[in-house]
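>>> Any chance you could fold what I've pasted below:
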Amino acid sequence: MTDFLDINKTDASDLHNILGQAKAMKAARADQPKGTLDADTPLANHMVALIFEKPSTRTRVSFDVGVRQMGGQSMILSGSEMQLGHGETIADTARVLSRYVDMIMIRTFDENVLLEMAEYASVPVINGLTDRTHPCQIMADVMTYEEHHGSIKGKRVVWMGDGNNVCTSFLHAAGQFGFDLTFSGPSNLEPEAEAIGYAREKGSKVYIERDAHKAVEGADLIVTDTWLSMHDKQSARERRHNLLRPYQVNNELLASAGDNAVFMHCLPAHREEEITSEVMDGPQSLVFDEAENRLHAQKAIMRHCLGV
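Reported below is the predicted structural model:
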């Protein structure tokens, strides 16, 4: 049994194997209807619980479709339908679910919920997102970059804006896949020091550059995320807009990066805020390939966890 909790908690060789399998599974499905079963159905007779304390579009649909394409069945549970950590402890929920299902994916707020679920479950647990990290997204991002431009090793990635949970997982990936990362954003929104330290200890170069145009010079990949959480109050939204406006990814910023740079965003995007439509729909954008690859990367992650 193998959990997939964070990129820095998974062996680099396993990460490469997961991406290799994801690419092969994607190629094998080329031009098939989305509802067609894979030629190989490794999840046949398997039941997967998909738990969503946080709302989701891409995570919910991609995991659900991935389970079905591999011949398994999924059970989608929302926080409002469960007593997760309220009427029942996380540990007890993990023990009970393990009697019913073969694997658990959880998308939650507090990282401790994920960790406790993994500690007490007797089936594999996958991190679908926490407030601290988003490893499945970054596996899809690395896969997407390598599809278009070859190995990401030695490349220069620039994170623009808020050093949030997705940025933390990018720093973990920098250490595991061997690329460098520059953060460009306000000082009070820098990524966590522990993630920066991890990447540097693994040999990756991590830079902080406040000037967005200087940051993207020579970049291979520019990444951003929404400036706002769905839970932010209006006053907080206005403050964050003012703080992050210099880090909008627009055509002027891409011009500073050069024609070889590509752009990614994990979605959902707030067009004309952190990203302009000109960039998102432009020739350097890989956003929708990136969204599709959530499906393929997560299918490979599930196979890795179950050893099938």
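
>>> switch to C-alpha atoms for all contacts and neighbour counts from now on
Fine.

>>> Now the helix or strand of the chain with the lowest mean pLDDT - C-alpha only, PDB.
Taking mean pLDDT, DSSP states H and E as the measure, the chain has helix 234-244 as its least confident helix or strand, at a mean of 84. Extracted C-alpha coordinates of helix 234-244, given in PDB (Å, rounded to 0.1, in the frame of the first residue of the first chain):
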ATOM      1  CA  GLN A 234     -14.700  42.000  -0.100                       C
ATOM      2  CA  SER A 235     -12.200  44.200   1.900                       C
ATOM      3  CA  ALA A 236      -9.600  41.500   1.700                       C
ATOM      4  CA  ARG A 237     -10.200  41.000  -2.000                       C
ATOM      5  CA  GLU A 238      -9.600  44.700  -2.700                       C
ATOM      6  CA  ARG A 239      -6.300  44.700  -0.700                       C
ATOM      7  CA  ARG A 240      -5.000  41.600  -2.500                       C
ATOM      8  CA  HIS A 241      -5.900  43.100  -5.900                       C
ATOM      9  CA  ASN A 242      -3.900  46.200  -5.100                       C
ATOM     10  CA  LEU A 243      -1.000  44.200  -3.800                       C
ATOM     11  CA  LEU A 244      -0.800  41.700  -6.700                       C
END
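
>>> how about that helix: buried residues?
Taking 16 or more other CA atoms under 10 Å as the basis for neighbour counts, the residues of helix 234-244 that come out buried are Arg237, Arg240, His241, Leu243, Leu244.

>>> same deal with stretch 189-203?
Neighbour-count burial for stretch 189-203, counted by 16+ other CA under 10 Å, picks out Glu190, Pro191, Ala195, Ile196, Gly197, Tyr198, Ala199, Arg200.

>>> Just name the closest of the buried residues of helix 234-244 to Phe183, please.
The shortest separation between Phe183 and any of those is 13.0 Å, and it belongs to Leu244 (by CA to CA).

>>> can you list contacts of the strand or helix carrying Val113?
Taking DSSP states H and E as the definition, Val113 sits inside helix 111-120. The set of residues that contact helix 111-120 without belonging to it, under CA atoms under 8 Å, 6 or more residues apart in numbering, is 3, 5, 90-95, 106, 108, 124-125, 127, 130-132.

>>> follow-up on the earlier one: so which of the buried residues of stretch 189-203 belong to helices?
Assignment to helices by DSSP state H places the following of these there: Ala195, Ile196, Gly197, Tyr198, Ala199, Arg200.

>>> ok, so of those, who is nearest Leu15?
If you rank those by distance to Leu15 using CA to CA, Ala199 comes first, at 15.6 Å.

>>> so what's Thr224 closest to, chain neighbours aside?
Nearest residue to Thr224 in three dimensions, chain neighbours excluded: Met160, at 5.0 Å (CA to CA, 6 or more residues apart in numbering).
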